[in-house]
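Enquirer: sequence-free structure coming up:
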């Protein structure tokens, strides 16, 4: 099988955009399409022109702004309305206006949906499919047909869905996609239905699965085993309700476990980067526990394992993580002991040979801090600072804090202002510095940086990249603890620091101070 | 098949505790065990006594503090050490001291792990299994054996894993559990291996799957199809790396899709509540997109669907959500139109009959606010306030804001203090009120509540239950927007409000004001 016989069809920008909380701008959609192209999918469904103004604009801008290397762009739409001539249907005309090489049409294939939702006859629905496919093919489009609610429809009336497929194929459709729209299937059932449908119709079949039973990926693979050669997914499984089959997990499974060249081999190491970049565009925190591409997908924490992993990493990973652009991480946690700290030190490039006492002190400190709610699992930079602080050549702190004050005022005229003042001692000099900002932490950051920048000019290039807040142990509003993670960048790299305190500002302060200290550690000379 | 023939074995408290970021107190573990019992699982693995002090204490306290209705408590441990008599092995003795009716032993079943990690002979490993099982059975324990790395071991040497199973069964073990420890399997492969192993050994088989291919649930179900009658899972799929098979999704699939009485029928509607309660104890935000039990699992947002859902909800859900204790939600989003707002109004009990103009104004306002980063999907209370504000009988605002000021100071002596002052007009009276708190928002909350409580005494019973912060659109630290969600409770119920602003304190203020306004809406009279 070659990769041209087998389609990976990504619908992040159409079906995936139904995910609760997701709202892409047109620029976001263009960026997502470019990223999906980098992992080598065959088709990118960009949206529904005519129905959604943003999608119409996307296809218009895509003509000049989107140069795809691997993928064909696809416009999604519906079959013509009942009782309307296809050439008079504005929604169908908008599909032509999108000027994509491929159109994916959604068609009803469940008798109950035809009757109760569409409120037309079974014969008219078949005519709607045939007319719309023929019209688009007549205008030079390749046409795929999504058979909505196919599996539920098969349970109600197994013959009708096949008639829809036959109508689509006869009119020139290239692929008939069996959609588990409500997502209630299990792999065994999908395999049985696909095998039966394959025996009844000669066309190329596809599969579209939702994750309502937690089996979207497995259902898709079961369909592939049963002969389907077109698979639909969305980036990170984004989609309505429980989401869709995850394109990245599908691709990784197809290539590394089933030997199907679903994407070009050189694209596989892009999976992790593209997954995280799309999460950022969708403004959804990446799922650390996502298979293959999650930050924790190849992370090990048990002390039990840590010592054995030093000997044979292959015994504890189902795959070499670099194949999908990921890497193995050792987590520092209360369950870990000296072996984990040593391994982590090695990963961070800190030489711990002959430092048995320092390792012991680090293990003890981590235990105490974690009991207070600190977590170094996502904050490698704070952990490295802690580790180095116990070594003989420990770097000195950047400054000594005397005090700080930060305030937010909402004025009578509706204006909101934030201001902060820090009093610090740098190399024996007392510095008082005031900064403004769009929030209390931003103001503190500005004030502190201004106090330090003459001594550490390299801090001028440093910027906060993300700020995350987690409330720990809030039980009835009594004694909550706040954990803040700050991502910082100096253009060349990014690092994460942590701070914990009952007061969100003080927690942020700790993370901020570590962020700047790590910037100086990375670039001792400006 | 009866539910006693089929085991659901939950290992949230042992294998699931390996999840990055999870750290249960002993009290948390007891609470989690009680919750798991409420969904009717057969076995609860509580931890590894002897290896982890917290787990030793858990089993000790469980003897007096844990009354289970459905489940048997299980202690987890390892086979005896190589070259040590079983009765001299302290870790094995700790298993007896845990005084559980059942012990689950982990045994090596992959020749490479026996040689490279355990560093012993294949024969000694078999003796370790046989000796430890026989010793525990001799002391009146029922014994299950987890065959670690079984599937990878089967690929390397298919016969050795079966010899481990045979040794365990011959010594009196009740169940031999095939573990996909590294999680690299797909359902087809699991089914083939299980079928082969069943043909070679007569004992009762179990399955333990990790989610590294995104197929943990499907792999487990494939094993069940192939004859396994003991399934292991963890609450919400918590576990190392990509996690484990999710007990709740497994149970829902087994009962509702496969007709296997895996838990007593009356327990099924507890799934959602127990899932969310354990997430709270684990201090992990519930996954809204979790199948069956997630807040979005039965949520619909597409305008396309919303109008059809009014007619026939059954056509758009794979299951009646109340079966698993969930419900259907209609989401208010930019993709939704008037039909969604009407449906949502009906869900909230707001009569919108004859309010076409008001509905139009709400749709317009939602569009504008969502473009600024507001999201009402998780904030029903803020949406209801917005909806009611457009109706003729709109409730008046609780107060008019003149100004507020809040500050955080870190003093020279290390003390951190927060203070806030609000100036508001309540029923024409100007009130100035100052409050302290453990953070700037808590101080504002205290100050505002103090200003309002004489006019609205019912606010005295209201407490913040959770506070979530999301940074939106932070691209290089320039113009970020902050979205705050506040959960509030009055003892009888809980509601969520939202606020959005570039300044985190002002965003919190909006959510706070809505939280108090909704409290008064719920209980107009104190």
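Expert: Sure thing, it's come through. All values derive from a computational prediction rather than experimental measurement. Numbers count the residues shown, from 1 in each chain, chains lettered A, B, ... in the order given.

Enquirer: which parts of the stretch 51-200 of chain A sit against chain B?
Expert: Within the stretch 51-200 of chain A, the residues that sit near chain B (C-beta under 8 Å from any C-beta of the partner chain) are A:52, A:110, A:112-113, A:116-117, A:149, A:152, A:182-184, A:186-188. From N, CA and C alone the C-beta is placed, and that goes for glycine too.

Enquirer: write the ChimeraX selection for whichever of the residues you listed are buried.
Expert: Command for ChimeraX that selects the buried part of these, burial taken from 16 or more other C-beta atoms under 10 Å in any protein chain shown:
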select /A:52,110,112,113,117,149,152,182,183,184,186,187,188
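
Enquirer: now go through the residues of the stretch 51-200 of chain A next to chain B and say which are in helices.
Expert: If you go by DSSP state H, those have A:112-113, A:152, A:187-188 in helices.

Enquirer: out of these, who's nearest residue B:287?
Expert: Nearest to residue B:287 among those: residue A:187, at 21.7 Å, using C-beta to C-beta.

Enquirer: how close does residue A:213 get to residue A:258?
Expert: Noted for residue A:213: a distance of 21 Å to residue A:258, by C-beta to C-beta, to the nearest Å.

Enquirer: now residue A:407
Expert: Shown here: residue A:407 relative to residue A:258, a distance of 59 Å by C-beta to C-beta.

Enquirer: those two: which is more packed in?
Expert: Between residue A:407 and residue A:258, residue A:407 has the larger neighbour count (other C-beta atoms under 10 Å in any protein chain shown), namely 20 against 14.

Enquirer: which pLDDT value belongs to residue A:469?
Expert: At residue A:469, the model reports a pLDDT of 79.

Enquirer: part of a strand, is it?
Expert: Yes - judged by DSSP: H, G, I helix; E, B strand; the rest coil, residue A:469 forms part of a strand.

Enquirer: find the helix or strand that the residue nearest to the spatial centre of chain A is a member of.
Expert: For chain A, residue A:279 is the residue whose C-alpha lies nearest the centre (C-alpha atoms, centre = their mean; 3.4 Å). Secondary structure from DSSP states H and E places residue A:279 in helix A:271-282.

Enquirer: who touches that helix?
Expert: A:12, A:19, A:22, A:24, A:28, A:31-32, A:35-36, A:38-39, A:235-236, A:238, A:248, A:251-252, A:285-286, A:290, A:292-293, A:324-326 (C-beta atoms under 8 Å, 6 or more residues apart in numbering or on different chains).

Enquirer: so which of these belong to helices?
Expert: A:28, A:31-32, A:35-36, A:38, A:248, A:251-252.

Enquirer: in CSV, list those along with distance to residue A:420, pLDDT and neighbour count.
Expert: Putting these into CSV (distance: C-beta to C-beta, whole Å; pLDDT from 0 to 100; neighbours: other C-beta atoms under 10 Å in any protein chain shown) gives the following:
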residue, distance to residue A:420, pLDDT, neighbour count
A:28, 33, 85, 20
A:31, 34, 90, 17
A:32, 37, 95, 24
A:35, 37, 94, 20
A:36, 42, 98, 26
A:38, 41, 96, 17
A:248, 41, 98, 27
A:251, 47, 98, 25
A:252, 46, 98, 28
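
Enquirer: let me know the average pLDDT across stretch A:493-502.
Expert: 89.

Enquirer: and that stretch, how far from the chain's centre?
Expert: Put simply, stretch A:493-502 sits 21 Å off its chain's centre (C-alpha atoms, centre = their mean, to the nearest Å).

Enquirer: list the buried ones in that stretch?
Expert: So for stretch A:493-502, counting by 16+ other C-beta under 10 Å, buried means A:495-502.

Enquirer: the stretch 351-500 of chain A: strands as residue ranges?
Expert: With DSSP state E, counting those that start in this stretch, the ranges of strands along the stretch 351-500 of chain A come out as A:400-410, A:416-426, A:429-437, A:463-472, A:481-489, A:494-501.

Enquirer: quickly, which of those bottoms out on average pLDDT?
Expert: Among the strands of the stretch 351-500 of chain A, strand A:463-472 carries the lowest mean pLDDT, a mean of 78.

Enquirer: which residues does the residue nearest to residue A:432 when sequence neighbours are not counted contact?
Expert: Nearest non-adjacent residue to residue A:432, counting by C-beta to C-beta, 6 or more residues apart in numbering or on different chains: residue A:423, 5.1 Å away. Residue A:423 makes contacts with A:401-404, A:430-432, as judged by C-beta under 8 Å, 6+ apart.

Enquirer: okay, now residue A:34: neighbour count?
Expert: 18.

Enquirer: so what's the residue lying closest to it once chain neighbours are set aside up against?
Expert: Take residue A:34 and drop its neighbours on the chain: the residue closest to it by C-beta to C-beta, 6+ apart is residue A:66, 7.0 Å away. Each residue near residue A:66 by C-beta under 8 Å, 6+ apart is listed here: A:30, A:33-34, A:73.
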